[in-house]
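[1] Pasting the sequence and the predicted model now:
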Amino acid sequence: MNPYHCDFLNFVFEGVTLLGDGLFTVAFCVVLLFVKKRYLSFIVFLSFATSGILTQVIKDFVIEARPALFLEKTKYPYFINHVTLHNFHSFPSGHSTSAFALVSIIAFAVEDKKYAIPLLLLATIISYSRIYLGQHFLLDVSVGSFIGVLFSVICWMSFQSFYEDLKLK
């Protein structure tokens with residue numbers, strides 16, 4: 001899944017991966033507060049926090065090597081020089097968890113559902129960026145994505161009584 005590298009894609013995926021960072025999700029929640037969507041901000045944050053906690057607990061119990069360590073004795077040519085490569089705690093991907101926790105809630109909240117598929121495609125691209133950058137394997141991002149979606153569904157269903165306050169028009 002990772003043989004197509006060029007300077008342009010390196011640049012794109014280095015930026016895209018930041019959208020899966022927890023700081024981005026927290027900043028997004030703050031923006032929602034400023035636009036008076038406090039219930040939606042709460043559910044996004046709750047989904048992000050609970051899925052993130054589970055992901056971190058799993059990382060502490062499953063000490064899985066990241067691609068840099070796993071492939072260190074090979075001649076794998078696609079690591080990007082200035083991207084920090086970590087050695088352990090690959091499983092599951094926290095960026096994928098965060099991206100899908102955020103995007104799934106927003107996809108539920110948008111009134112016009114034609115935006116749901118592009119939003120989920122964005123989360124998929126964010127998750128793939130972790131593979132492209134040599135930080136995770138496919139299983140890592142798949143399980144992280146599943147955890148993000150699962151907690152989004154649980155949080156959304158738990159707060160459906162606030163549905164009118166949650167909609168994004």
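    That came in fine, so what should we check first?
[2] What helices and strands are in contact with the strand or helix carrying residue 45?
    Taking DSSP states H and E as the definition, residue 45 sits inside helix 38-61. Secondary-structure packing of helix 38-61 (3 or more Cβ pairs under 8 Å, 6 or more residues apart in numbering; DSSP states H and E): helix 22-34, helix 94-109, helix 138-158, helix 163-166. For glycine as for every other residue, the C-beta is placed from the backbone atoms N, C-alpha and C.
[3] Any idea how far it is from the middle of the chain?
    In terms of Cα atoms, centre = their mean, to the nearest Å, the centre of helix 38-61 is found 11 Å from the chain centre.
[4] Could you do stretch 150-158 as well?
    What separates the centre of stretch 150-158 from the centre of its chain is 16 Å, taken as Cα atoms, centre = their mean.
[5] Ok, stretch 36-54 next?
    The mean C-alpha position of stretch 36-54 is separated from the chain mean by 13 Å, Cα atoms, centre = their mean.
[6] Show me which positions of it end up buried.
    Neighbour-count burial for stretch 36-54 flags 37, 39-52, 54 (criterion: 16 or more other Cβ atoms under 10 Å).
[7] and the angle for the helix holding residue 45 with helix 138-158?
    Angular relation of helix 38-61 and helix 138-158 on a 0 to 180 degree scale: 140 degrees, by axes from the mean of the first three to the mean of the last three Cα atoms, to 10 degrees.
[8] tell me the contacts of residue 155?
    The contact partners of residue 155, by Cβ atoms under 8 Å, 6 or more residues apart in numbering, come to 43, 46, 47, 50, 105.
[9] let's see 10 Å
    Contacts of residue 155 were listed using Cβ atoms under 10 Å, 6 or more residues apart in numbering, and they are 42-51, 101, 104-105, 108.
[10] Look up the closest residue to it, ignoring the ones flanking it.
    Nearest in space to residue 155, with sequence neighbours left out and distances taken as Cβ to Cβ, 6 or more residues apart in numbering, is residue 47 at 4.3 Å.
[11] Local confidence estimate at that neighbour?
    At residue 47 the predicted local confidence, pLDDT, stands at 96.
[12] next one: residue 161
    The confidence metric pLDDT takes the value 69 at residue 161.
[13] Repeat that for the one 4 residues further on.
    Predicted confidence (pLDDT) at residue 165: the value is 56.
[14] same deal with residue 148?
    Model confidence at residue 148 (pLDDT) stands at 97.
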